[in-house]
Structures are given as structure tokens and as C-alpha cells.
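K.L.:
return atomic coordinates for the entry below.
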Amino acid sequence: MKAFRALLVMSLVFIFAGAACGTGDENTGSQPSENEPAGEENDNNNNETVNNDGNSGEGEAPVEAEGLTFNTVVQEEGDTLLVTMEITNDTEETKRVDFSSGQQFDVLVKDESGNRIYHYAEGKMFTQALITEEVGPGETLTFQDEAVSEQIPSAEGLTVETTLLVYAVDGNEVGKGTFSQSVSIK
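P.N.:
Coordinates of the predicted model:
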């Protein structure tokens, strides 16, 4: 009887653990298409930095909401784009930033025709657990991703779309996509 109970408990644990995981595409609501290749790596070092604070003239201005400023910087190195997303607390009080899953951000890279050549969440699974980050006055919370695709060096007019998947700030729900930016490069 003890062995049966132990087997039952272990089975329930595995069922609940499996139910708590989801794929990145489910979390972001986007569906991959069949013609969107996964990235591959090579060693081509063509360093170019592009950010959206006016230096490139093509990126969006930083996003300000709930006393926080969101900014994205993209650095190109061959077939890799180093994407840095920062959210800074511009207030005098600590801000509580809530995420509804283990996926705290998303990154999409598209060519000039709008074809997706990289998606951060593609092929990944994320926990469905609430995550809370505290950001003190003047502090910055930083997220990074290396977008890798053999198509990056040859693509014309790349667009990098970033989103922090923030559910709430200080307990107040924020709209989906509140902390989103688009950076154009090349």
C-alpha cells in the first residue's frame, strides 16, 4: 500500500510539473511559421552599435510608464546581435515589477520584408511562475539576449523588436506591450 501511495504522489508531481511549463510561443501569443529558420553561429566580427536614444536616428524613443523608463541597445557582431534591454526606476521609491512567467522578455529580429529571422522564445519552455523584481530609486534592471542567425550579416534593413513581459508594476496591471520598442539597423 505504501508503494502505491508513493507511486501516486510521484505521478501527481510529474503531472503538475509538466502542466506548469509552456513553450515560448504560447507565452508571447505568436506562432512560428514554417519558413523561419533557427539561427546558426559563425565567427564574423563586424562590430556596430545601434541604440534607440537618437544615435541611429531610426529607433524609437525610450518608453516611460509607471515611473520606469525602458530602453533597448543593439550591438552587431557578425551573425550575432547583442540585445540589451534596461528598465530604470526614475522615482524616489522602490518599484515592484511583476512578471507572469519565467519568460521576462521577448526579442524578435525581422528583415526588411518583415520575415522573422530570429525569435528568442522559439523552441524554449518557460515556467508559469510569478516572478517579482524590485528596482530601487535610480537603479536599472538589465536583460540581455544574443540573437544569432546566419541571415543577420546578409539581411538588409533589420528590425529588432523587444518587449519586457511585465504583468504589473506596484500591483497595478499594465497593458500587454507597454514596455516594447523597435530598433532599426543597417
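
K.L.:
in this structure, where is pLDDT below threshold?
P.N.:
Residues of the chain meeting the criterion pLDDT under 70: 1-59, 186.

K.L.:
mind running it again at 80?
P.N.:
Counting by pLDDT under 80, the ranges of the chain that qualify are 1-60, 155, 186.

K.L.:
quick one: the helices in it?
P.N.:
With DSSP state H, the ranges of helices along the chain come out as 2-19, 24-28.

K.L.:
can you get me a residue count around Phe105?
P.N.:
When counting by other CB atoms under 10 Å, one arrives at 21 neighbours for Phe105. C-betas here are computed from N, CA, C, even on glycine.

K.L.:
residue contacts, it?
P.N.:
Phe105 makes contact with Met85, Tyr120, Phe143, Asp145, Thr162, Thr163, Leu164, Leu165, according to CB atoms under 8 Å, 6 or more residues apart in numbering.

K.L.:
what is the neighbour count of the last one?
P.N.:
Which is Leu165. Using other CB under 10 Å, Leu165 has 21 neighbouring residues.

K.L.:
correct me if wrong: it contacts Gln103.
P.N.:
Yes. Leu165 is in contact with Gln103 according to CB atoms under 8 Å; the separation is 5.9 Å.

K.L.:
any idea how far Val169 is from Gly78?
P.N.:
37 Å (CB to CB, to the nearest Å).

K.L.:
these two - which one has more neighbours?
P.N.:
Val169 (21 against 16).

K.L.:
tell me the contacts of the more buried one?
P.N.:
By CB under 8 Å, 6+ apart, the contact list for Val169 reads Ala65, Glu66, Gly67, Leu68, Lys95, Arg96, Val97, Asp98.

K.L.:
could you do Leu68 as well?
P.N.:
Shown in contact with Leu68 (CB under 8 Å, 6+ apart): Ile87, Thr88, Asn89, Asp90, Lys95, Val97, Val135, Val169, Phe179.

K.L.:
let's see 10 Å
P.N.:
Contacts for Leu68 were tallied using CB atoms under 10 Å, 6 or more residues apart in numbering; they are 62, 87-91, 95, 97, 135, 140-141, 164, 166, 169, 174, 178-179.
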